[in-house]
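Undergrad: no letters, just coordinates:
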């Protein structure tokens, strides 16, 4: 079995990504658009602000009822989806 | 600007066929009409009696039919002279690939009559032709898919062995089909040959995301405008039915390089296939504005109006910004008119 590990610490979100409050994402580089939920939109906003994983984890776990380990797993999953859609790249 | 200070001009425009595979004429006219510097009278030039732009309100003030390109330059010039005697045309904006050769050829005579154009030179026009595009790319350092020009269906098999499947079968002027088998390629060959004649171009298939750039060069190597767009909805004829402006500096750079290398004079469209690793392959260069050109107006770079100004000898400052994320969504509309209108254009060639 092959496993691929994403280095979630080294992922950088594209700076020109447009994200509305309702979670609509527009990638102006290629015209792709997506929808995410409010937490996803918040994560993208924090990534765009250049926050580190530690800072993001602190902010999200203090705001929502979520265990840090669960958050990390969900975060990795989310970053993986962003990567699939070319919304993040290696720093 | 008040009406009295606006420059009064008469502009003749072709490509009024706003159909499912549309000509750019109606969009070009809308752009010119939107320009606040002009008090413009638009003369529509049509080939067929059912081109929707002939009948649309607020598009052409007067329409004249002109002869098909196959009739040759003398017939075209003679018809333009007739129209010019009545309308005093300042600028002609041709919008079809198939008619451009004739218009480029008669442009000195048009200038003598006082009619300006802003067209590529014949050399520029030929260099980006489908049959010369690969060589053009090699010369100027652009990525172009490999292609082969063929004149007989029997050449298909050997070409397919060289390129592998899928491959793209392209008509001389318009249309392309992706073929996955020899039978499909043969069928496409015969269909395109019947419609557009020989040669047929066989092109290597490049997988990726299609993006298009509408641009305007001043003929001296400077880019006046370049706006990239991605098609969001594509018809079965491969035409954009909706699209959105993009922000991608590499695409602007590519258009600028193209203009710098060729000293392109006039409007054009570059069709690009961007591979997953970001390589931009030029699939085609259309030597005139695309049908979606009104999106450039909506995004803040009125390319049709800028072209008219350049044709009139005015200095035009290059545009520097445009709105990213502007969409166009085309629609179908049943226009009601009377048979008497149809009669006029059909019987007298004027409306």
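TA: Nice, thanks for sending it over. Not measured: the values here are computed from a predicted model.
Undergrad: state which helix of the chain is the longest.
TA: In the absence of a named chain, this looks at chain A. What stands out as the longest helix in chain A, according to DSSP state H, is helix A:68-84.
Undergrad: please go with chain B instead
TA: Max-length helix for chain B by DSSP H is helix B:97-113.
Undergrad: quick revisit: can you list contacts of the longest helix of chain A?
TA: Here helix A:68-84 makes contact (CB atoms under 8 Å, 6 or more residues apart in numbering or on different chains) with A:6, A:8, A:11, A:13, A:40, A:43-44, A:53, A:56-57, A:60-61, A:66, A:88-89. Where you see a C-beta, it was placed from the backbone N, CA and C, and this is true even at glycine.
Undergrad: those residues, buried ones only, as a ChimeraX selection?
TA: Buried subset of the contacts of helix A:68-84, written as a ChimeraX selection, criterion 16 or more other CB atoms under 10 Å in any protein chain shown:
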select /A:8,11,13,40,43,44,53,56,57,60,88
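Undergrad: next step: the contacts of helix A:68-84 restricted to helices.
TA: A:40, A:43-44, A:53, A:56-57, A:60-61.
Undergrad: pLDDT weak spots in the chain?
TA: Because you didn't say which chain, this covers chain A. Residue ranges of chain A with pLDDT under 70: A:1-10, A:90-91.
Undergrad: my bad, chain B
TA: Looking at chain B by pLDDT under 70, you get B:1-4.
Undergrad: nearest to chain A: which residue in it?
TA: As assessed by CB to the nearest CB, chain A sits closest to residue B:230 within chain B, at 3.3 Å.
Undergrad: who's in contact with the closest residue to that residue other than its chain neighbours?
TA: Spatially, and ignoring its direct neighbours in sequence, residue B:230 is nearest to residue A:31 (3.3 Å; CB to CB, 6 or more residues apart in numbering or on different chains). For residue A:31, the contacting residues are B:211, B:229-230, B:232, B:243-244, B:246, by CB under 8 Å, 6+ apart.
Undergrad: out of those residues, which is most surrounded?
TA: residue B:229 (27 neighbours; other CB atoms under 10 Å in any protein chain shown).
Undergrad: pretty sure that residue contacts residue B:248?
TA: No: between residue B:229 and residue B:248 there is no contact under CB atoms under 8 Å: 10.6 Å.
Undergrad: what is in contact with those two at once?
TA: The contact lists of residue B:229 and residue B:248 share residue B:211, where a contact means CB under 8 Å, 6+ apart.
Undergrad: pretty sure residue B:80 is touching residue B:92, no?
TA: Yes: here residue B:80 reaches residue B:92: they are 7.4 Å apart, a contact under CB under 8 Å.
Undergrad: hey, what's in contact with both of those two?
TA: By CB under 8 Å, 6+ apart, the residues touching both residue B:80 and residue B:92 are B:12, B:110, B:115.
Undergrad: just send those residues back as CSV, with distance to residue B:307 too.
TA: Shown next, in CSV, are those (distance: CB to CB, whole Å):
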residue, distance to residue B:307
B:12, 13
B:110, 15
B:115, 14
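Undergrad: now, of those, which are buried?
TA: The buried subset of the shared contacts of residue B:80 and residue B:92 (16+ other CB under 10 Å) comprises B:12, B:110, B:115.
Undergrad: wait, a strand at residue B:12?
TA: Yes: assessed with DSSP: H, G, I helix; E, B strand; the rest coil, residue B:12 lies in a strand.
Undergrad: for the stretch 1-150 of chain B, just list every one of the strands.
TA: Counting by DSSP state E, counting those that start in this stretch, one finds strands in the stretch 1-150 of chain B at the ranges B:7-14, B:38-46, B:62-65, B:91-93, B:147-150.
Undergrad: list the buried residues in the last one.
TA: Yep, that's strand B:147-150 we're talking about. B:147-150.
Undergrad: same list (these) but as CSV, adding distance to chain A.
TA: Shown next, in CSV, are these (distance: CB to the nearest CB, whole Å):
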residue, distance to chain A
B:147, 25
B:148, 30
B:149, 32
B:150, 34
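Undergrad: circling back: wait, the residue of chain B closest to chain A sits on residue B:208?
TA: No: using CB under 8 Å, residue B:230 is not in contact with residue B:208; the gap is 11.6 Å.
Undergrad: phi and psi next, for residue B:181.
TA: phi -140, psi 170 (degrees, to the nearest 10).
Undergrad: ok, it touching residue B:165?
TA: Yes: counting by CB under 8 Å, residue B:165 is a contact partner of residue B:181 at 6.7 Å.
Undergrad: these two - which one has more neighbours?
TA: Between residue B:181 and residue B:165, counting by other CB under 10 Å, residue B:165 is the more crowded of the two (14 against 11).
Undergrad: could you check how far that one is from residue B:183?
TA: For residue B:165, the distance to residue B:183 (CB to CB, to the nearest Å) stands at 11 Å.
Undergrad: enumerate the residues of chain A near chain B.
TA: A:16, A:18, A:26, A:28-31 (CB under 8 Å from any CB of the partner chain).
Undergrad: in strands, which of the residues you listed appear?
TA: Secondary structure from DSSP state E places A:18, A:26 of these in strands.
Undergrad: buried ones among the residues of chain A next to chain B?
TA: Using 16+ other CB under 10 Å as the burial test, those include A:26, A:28-31 as buried.
Undergrad: pull out the buried positions in stretch A:77-91.
TA: Result for stretch A:77-91 [16+ other CB under 10 Å]: buried residues A:78-79, A:82, A:87-88.
Undergrad: residue B:137: which of those residues is nearest?
TA: Among the buried residues of stretch A:77-91, residue A:87 lies closest to residue B:137 (CB to CB), at 30.9 Å.
Undergrad: now for the closest one: which residues touch it?
TA: A:13-14, A:17, A:25, A:27, A:34.
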